[in-house]
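Novice: sequence-free structure coming up:
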C-alpha cells in the first residue's frame, strides 16, 4: 500500500516537497499557539524565579501537602483502573461469548455511548442513587444494610464508583478486539493436552492477554488521573485530588505562587505522558483479531 | 456445561443495571414530587421541569453551549479537513507531526491545558484571556483527535488520489477538487467527526470553568450551580445532558454504520 502510493506520487508530482509543507502551516501555527508555546511557557516559568533558574517550586511541590494530593490521585486512579480492568474484561468476555447478536451489538453500543459520559450529570446521577437519601441507599436500608455514615458518595470511595461508570465501558471497548484474538483452537488444544479450563486461563490466555490488559490499565489510569469535572461536582474539594488543587490555584482561591501551579502541572503532565506512551508501547504488542 | 453458562446472564444484567439505573433514577427524580423517604416516588409532577426551563439563564446557557459547540466544530472543520487531505496527498512525511498535535489532548489534563493557556496569554498582549475565543481554541485542542480520526479514516477508505487526479485532469484546481470532489466523498467521516466534537464541547466543564468562568456560562456550568442549590431542578438539567449525549452518540453510530456500507459499495464498483 505504501509502496504503491509513493510510486504514484513520484510519477504524478515531482519533488516540490518543501513547498507542499507550506500547506500545513496554518495547522502548525494553531498547534504552536495553543499547544506547544503555552506548555513551554509553563515549563519555563516553573523553573524560573526572578529571571533565574530555580528548583524551588518543585521542592514546594514535593511538600507533604501536595504529596498527599498526588498519593490520593494515584490511589483513586489505580483503584478505578484496576477494577475497571478486571470487571471490564469480565463483561467484555461475556459480551463476545454471547450468541445473541442483538445483545452483543446493544452492549457494545452502550459502552460506546457511556464511555464519554462524565462530569456534572454523572456526578449528579450518583448523588441521586447513592446520596444519603438516594434510592439505592434507601433500598439497602430496607434490607438492613446501613450505608451511611460509613460510606459517603461525596468521598474517595464514592468517587471511585462514579469513575467506574466511564472506566468500565472504556476497558470493554479496549479489550474486545484482543479477546476476539484468542483462538478457540488454543483452548481446545490446552484441554486436549490435559489442562483444565482454569489452567488454560492462567497459563495460556492471561499471558497472551497481558499486554492488552496492561495497556488498558494504563489508559484507564491516565483517564482517571486527568479527570476533574466529575470529582469537583461530586465532592467539591473534599477529596484531595491534584487536578482539584491545580484548579484552586488557577482560580486564586489559595494564595500561593502561580509558579507552584506550573510545577504541579508539569509533574502531572509527565505522569500522564508516561501512561499514554506506555499504553502506546504495550498496545502495539497486544494481540488483536485480524478478522472480526 | 449448564453451570458454566449461568455466569454470563448475571454479569450482563449487573453491567446493564450499573449503566442504566443512574440515568433512569435521575429521570424519575426529576419528575417526582418527593423521593427521599420512600422506595417509590410519592407522586409525579412536571413542576421542576417547568421551573428550571422558565429561568432566563436556562435558554442563555443552552444557547452558549450550542454556540461554543458549533463554533468549535466549524473552526475544526476548516482547519482539519484541508490539512488532513493535503498531508495525505502531498506531505505524507508530516504525518507524525500532525498526529502529535492531534493527540496532544490525550496526554494533557484539562486543568493543565487551561493553566498553560492562561499563563501564556496573560503574558502576551493578545486580548483573548477571559474571552470566549480562548475557550473555543481550547475546545479545538481538546476535540482535535475526534475530528482528525474520522476524516483520516474516511480518506483512507476512498481512492482520494485517483479522484484528485481525475478532477485535476479535467481542469479543477486544488480547492475546487477538495470542496466539490473530496469532501462529498468523505461526508460520513466529516459528519461523525462533527458529532463527536459536538458532544465533547457540549458537555465540556473543566476548560469553561477555568478559562471563562461566569463570563460565558454554558449548560454544564449552569448544571453544576444547580446541584449545589436545588437538586430537583438540577436533575432535570442532568436528564437534558444525558439526552444530548445519547442522541449524538446514537447519531454517530448510525452515521458510521451507514458510512461503512457506502464505502464497501464504492470499493465494489
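Specialist: Okay, I see it. All figures in this text were calculated on a predicted structure; none of them were measured in a lab. Numbers count the residues shown, from 1 in each chain, chains lettered A, B, ... in the order given.

Novice: Hmm, residue B:151 is touching residue B:191, no?
Specialist: No - in this structure, residue B:151 is not within contact of residue B:191 by CB atoms under 8 Å, at 10.4 Å. C-beta here means a position set from N, CA and C on the backbone, and glycine is covered the same way.

Novice: okay, these two: which has more neighbours?
Specialist: More neighbours surround residue B:151 than the other of residue B:151 and residue B:191, with 24 against 19 (other CB atoms under 10 Å in any protein chain shown).

Novice: residues touching the more buried one, list them.
Specialist: Residues in contact with residue B:151 (CB atoms under 8 Å, 6 or more residues apart in numbering or on different chains) are B:80, B:81, B:84, B:186, B:189, B:190, B:193.

Novice: Secondary structure, distance to chain A and pLDDT added to these, as JSON lines?
Specialist: Formatted as JSON lines, those follow (DSSP: H, G, I helix; E, B strand; the rest coil; distance: CB to the nearest CB, whole Å; pLDDT from 0 to 100):
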{"residue": "B:80", "secondary structure": "helix", "distance to chain A": "8", "pLDDT": "95"}
{"residue": "B:81", "secondary structure": "helix", "distance to chain A": "11", "pLDDT": "94"}
{"residue": "B:84", "secondary structure": "helix", "distance to chain A": "9", "pLDDT": "94"}
{"residue": "B:186", "secondary structure": "coil", "distance to chain A": "17", "pLDDT": "91"}
{"residue": "B:189", "secondary structure": "helix", "distance to chain A": "17", "pLDDT": "90"}
{"residue": "B:190", "secondary structure": "helix", "distance to chain A": "17", "pLDDT": "92"}
{"residue": "B:193", "secondary structure": "helix", "distance to chain A": "14", "pLDDT": "91"}
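
Novice: now the helices for the stretch 51-200 of chain A?
Specialist: A:56-61, A:64-97, A:101-114, A:119-130, A:135-142, A:156-181, A:184-192, A:197-199 (DSSP state H, counting those that start in this stretch).

Novice: what's the most buried one of the ones you listed?
Specialist: Greatest average neighbour count among these goes to helix A:119-130 (a mean of 27), per mean count of other CB atoms under 10 Å in any protein chain shown.

Novice: can you give me the mean pLDDT across that helix?
Specialist: Averaged over helix A:119-130, pLDDT sits at 89.

Novice: Check stretch A:133-142 too.
Specialist: 85.

Novice: Any chance you could list what contacts it?
Specialist: A:127-131, A:146-148, A:153, B:21, B:25, B:35-39.

Novice: where are the low-confidence patches of the chain?
Specialist: All of this is about chain A. Within chain A, the segments meeting pLDDT under 70 span A:1-16, A:289-292.

Novice: um, chain B though
Specialist: Counting by pLDDT under 70, chain B has low-confidence residues at B:1-4, B:259-269.

Novice: Please parse it into its domains.
Specialist: Here the domain parsing of chain B from automatic domain parsing is B:1-45, B:56-268.

Novice: How about the first one and chain A, any contact?
Specialist: It stands for domain B:1-45. Yes - in terms of CB under 8 Å from any CB of the partner chain, part of domain B:1-45 sits within range of chain A, namely B:7-8, B:11-12, B:15-16, B:18-19, B:21-23, B:25-26, B:29, B:35-39.

Novice: As a check, name the ranges of all helices in the stretch 101-250 of chain B.
Specialist: B:104-107, B:110-121, B:132-157, B:160-169, B:174-176, B:183-185, B:187-202, B:206-211, B:219-229, B:231-268.

Novice: Nearest residue to the residue in the stretch 151-292 of chain A positioned nearest to chain B in space, please, no chain neighbours.
Specialist: Nearest residue of the stretch 151-292 of chain A to chain B (CB to the nearest CB) works out as residue A:226 at 3.2 Å. Distances taken as CB to CB, 6 or more residues apart in numbering or on different chains place residue B:109 nearest to residue A:226, at 3.2 Å, with adjacent residues excluded.
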